[in-house]
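Peer 1: Let's see this in three dimensions:
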Amino acid sequence: MRTSSRYATFVVALVVVAMGAAIFAARLAGQDDRWRITHADYGYGNRRTDVTDILQDLIARGGVNGRVAVNNQTMGGDPAVGADKSLRIIARNDQNGEQEFDYREGGFVDVNMFAVRRDDRDDRDRDDRREDRDGYRGRDRGDFSVIMGFYGVQGRTVNVTDLLQGMVRHGGLEIRVNNGSLGGDPAPGADKVLIVIYQFKGSEQATAVREGNVLSIP
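Peer 2: Modelled structure (predicted):
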């Protein structure tokens, strides 16, 4: 009888241990398994540009329809004219594992794969940003609307979305890209770029214009 009691106690202990292991595994599975970007560059061979800040900014805002296009416009320019370029992302997960992700020019990055802290400069909630993307918020933009805009250089950019939206006139946007027109200098001494993602006649597009030049859409 005593042997049976000990056996029953042993079985109960095994069940408890198994349940604890299952709960622990479930908690691990429930953790954020997305990757956190530590570095990103765009180009070909040794002609590559650091695009970490630009990419993190685009992903933090949800991209366009949940994706970020890999092209010269969204990546801030063409570092290797005539070459088939790629976007290289180095990221870490919660277990401190590191992995490299590569995307060819013309491809798309799924923003749900990566976890990026939302830009502290943009404290609007998701609904507000959705209204901006769809061209609402009381402005009649017709066939054209600004989805988002960034001005600066890698590591030092500012969100100029609201500023650009306020400049839309007669279904388009024309602006000289400089510190005066874009509200200040986010990177003194550096050659900056204005990146604009916009919607025109139902098609979402992007363009990049260097400081000193004129942006004209469409």
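
Peer 1: quick one: the most centrally placed residue in the chain and residue 144, what's the gap?
Peer 2: Geometric centre of the chain, nearest residue: residue 59, 1.4 Å, by C-alpha atoms, centre = their mean. Computed as C-beta to C-beta, to the nearest Å, the residue 59 to residue 144 distance reads 25 Å. Glycine gets a C-beta too; all of them are placed from N, C-alpha and C.

Peer 1: shaky segments in this structure?
Peer 2: In the predicted model of the chain, residues 1-32, 117-142, 155 satisfy pLDDT under 70.

Peer 1: Do you have the strands of it handy? List them.
Peer 2: 36-44, 47-50, 67-69, 86-92, 98-104, 108-110, 144-153, 156-159, 173-176, 193-200, 203-210, 214-217 (DSSP state E).

Peer 1: Apart from its chain neighbours, what residue comes closest to residue 69?
Peer 2: The shortest distance from residue 69 to any non-neighbouring residue, by C-beta to C-beta, 6 or more residues apart in numbering, is to residue 108 (5.7 Å).

Peer 1: next one: residue 156
Peer 2: Per C-beta to C-beta, 6+ apart, closest to residue 156 is residue 187, 3.9 Å.

Peer 1: what about the residue nearest to residue 69, neighbour count?
Peer 2: 16 (other C-beta atoms under 10 Å).

Peer 1: Equivalent analysis for the one 4 residues further on, please.
Peer 2: Around residue 112 sit 12 other residues, with neighbours defined as other C-beta under 10 Å.

Peer 1: Over to residue 212?
Peer 2: 10.

Peer 1: same check, this time on residue 180
Peer 2: Neighbours of residue 180 (other C-beta under 10 Å): 8.
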